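no sequence for this one, just the structure:
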């Protein structure tokens, strides 16, 4: 499997982990500006079941602005995606 990200696994239930990730992002100046509940979307659109899986679009406005000033095409990868998913209930 290809590696596109940095990752870590925590021995915790999904919901409290998602809340801790939100808090950790806020602690370092990131706000969540988009959220995709991938499990819900796939259930609605394709009637398939997948484990809990949420994509948070995180942005730290000052850093985003600096990046845009350096290269406007960086907008294609903004916001930064942070994925929280359940790997074993």
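Yes, it's here. Nothing here was measured: the structure is a model prediction, and the numbers come from that model.

show me where pLDDT drops low in this structure?
For the chain, the stretches flagged by pLDDT under 70 are 1-2, 89.

could you pull out the strands in it for me?
Secondary structure of the chain by DSSP state E: the strands cover 31-37, 53-59, 80-85.

need the winner for burial among the ones you listed.
Comparing these by mean neighbour count (mean count of other CB atoms under 10 Å), strand 53-59 comes out on top with a mean of 19. From N, CA and C alone the C-beta is placed, and that goes for glycine too.

contacting residues for the closest residue to residue 43 other than its chain neighbours?
Nearest non-adjacent residue to residue 43, counting by CB to CB, 6 or more residues apart in numbering: residue 49, 6.3 Å away. By CB atoms under 8 Å, 6 or more residues apart in numbering, the contact set of residue 49 is 39, 42-43.

of all the strands of the chain, which lies closest to residue 19?
strand 80-85 (9.6 Å; CB to CB).

if we can go back for a sec, from the contacts of residue 49, pick the one nearest residue 83.
Nearest to residue 83 among the contacts of residue 49 is residue 39, at 11.8 Å by CB to CB.

would you check that the closest one makes contact with residue 46?
No - applying CB atoms under 8 Å, one finds residue 39 not in contact with residue 46, separated by 11.1 Å.

and these two? Which one has more around it.
residue 39 (18 against 9; other CB atoms under 10 Å).

so who does the more buried one touch?
Residue 39 makes contact with 49-54, according to CB under 8 Å, 6+ apart.
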